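Undergrad: Could you look at this predicted model? Sequence included:
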Amino acid sequence: MTAVTLVEVSPRDGLQNDPADLTTEAKVELVARVAAAGARRVEVTSFVSPRAVPKMADAEAVVAGLRARRLTGVSLIGLVVNERGVTRAAAAGVDEVNAVVVASDTFNRRNQGVPTAETLARLPDLVGAARAAGLGVSVTVGAAFGCPFEGEVPVGRLAEVVAAVAAAGPDEIALADTIGVAVPADVAERVPAAREVVGPSLRLRAHFHDTRNTAVANALAAVGLGVEALDASLGGLGGCPFAPAATGNVATEDLVYALGRSGVAHGLDLAALIEASRWLGRAVGHDLPA
């Protein structure tokens, strides 16, 4: 691949597990800053129960604030876990929704309260609701490289889950290393396995955590295997509140540096990202790992 799309996830996946409580206005400012640096797809919030993820309780207000900013050329993404979330996201005015299915049953129960098969059974209706609302739809397969509760996730199990997700008809499937256990050899095994079951036309995305300092290497490996999009979080902010010791996502500015040096086009301004990262560190009140 000579070009890749970066999906900025700091406003959602970054902030949901951070100790800081940013105001709605600060969240809007964060999205505006990464958009000014060139981000064209941004996961801005999640439309889930505020009891489960209280930091995302202002989802509608965040989207309203962004629409008031009139950002141009930026696709706003909202995370959803059910049709009710899709309805909320559509009413709020996002452009895309991202649903989640976890490859392991134990983690899926922790995340959504049901086994993986039940989430997969509901997925066609969720995708259909998004389509009816005119929204783009992607599905992230969590724990695609390993589970904090069950350990290794067999490649065959991953392929089965990805095939079921593809059958629901999303625009894109993301493979997520939710706990940061992958190395490039794992990427080289699992991305082709996913591609084999989804076919050549469905977009693949990858989501890496830097728990063991392998995220940039994994991302470059994924791009080399034809993955069209990568998730990244400004400053390396984030983690998963449902996975023990899942540290931050791959940092946007670190990934942009590596991609640029590798001759892969990404469309973002590194200097602007670094300045935005400094602002974010001040906003959350602590140093960021990038």
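TA: Yep, it's here.

Undergrad: mind listing what's buried in stretch 82-100?
TA: Neighbour-count burial for stretch 82-100 flags 82, 85-86, 88-90, 92, 94-100 (criterion: 16 or more other C-beta atoms under 10 Å). Glycine gets a C-beta too; all of them are placed from N, C-alpha and C.

Undergrad: Output the residues you listed in JSON lines, with distance to residue 207 appended to each entry.
TA: Below are the buried residues of stretch 82-100 laid out as JSON lines (distance: C-beta to C-beta, whole Å):
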{"residue": "82", "distance to residue 207": "20"}
{"residue": "85", "distance to residue 207": "19"}
{"residue": "86", "distance to residue 207": "20"}
{"residue": "88", "distance to residue 207": "23"}
{"residue": "89", "distance to residue 207": "19"}
{"residue": "90", "distance to residue 207": "24"}
{"residue": "92", "distance to residue 207": "23"}
{"residue": "94", "distance to residue 207": "19"}
{"residue": "95", "distance to residue 207": "19"}
{"residue": "96", "distance to residue 207": "15"}
{"residue": "97", "distance to residue 207": "16"}
{"residue": "98", "distance to residue 207": "10"}
{"residue": "99", "distance to residue 207": "13"}
{"residue": "100", "distance to residue 207": "10"}
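
Undergrad: Kindly reformat these as TSV containing distance to residue 19, pLDDT and secondary structure.
TA: Output for these, formatted as TSV (distance: C-beta to C-beta, whole Å; pLDDT from 0 to 100; DSSP: H, G, I helix; E, B strand; the rest coil):
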residue	distance to residue 19	pLDDT	secondary structure
82	28	95	coil
85	25	97	helix
86	30	98	helix
88	26	98	helix
89	26	98	helix
90	31	98	helix
92	26	98	helix
94	26	98	coil
95	30	98	coil
96	28	98	strand
97	27	98	strand
98	24	98	strand
99	27	98	strand
100	23	97	strand
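
Undergrad: what bits of the chain have low per-residue confidence?
TA: For the chain, the stretches with pLDDT under 70 are 239-247.

Undergrad: In it, which helix is the longest?
TA: Secondary structure assigned by DSSP state H gives helix 116-132 as the longest helix of the chain.

Undergrad: Distance from it to the middle of the chain?
TA: 18 Å (C-alpha atoms, centre = their mean, to the nearest Å).

Undergrad: What pairs with whichever helix or strand comes after it, parallel or antiparallel?
TA: Next along the chain after helix 116-132, taking DSSP states H and E as the criterion, comes strand 136-142. Using DSSP bridges, strand 136-142 pairs in its sheet with strand 96-102 (parallel), strand 172-177 (parallel).

Undergrad: and the two most separated of the buried residues of stretch 82-100?
TA: Using C-beta to C-beta, the two most remote members of those are 82 and 95, lying 19.3 Å apart.

Undergrad: Distance to residue 64 for the strands paired with strand 136-142 - can I get that in TSV?
TA: As requested, these are exported to TSV (distance: least, C-beta to C-beta, whole Å):
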stretch	distance to residue 64
strand 96-102	17
strand 172-177	26
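
Undergrad: Among those strands, which comes closest to residue 260?
TA: Ranking these by their distance to residue 260 (criterion: C-beta to C-beta) puts strand 172-177 first, at 22.5 Å.
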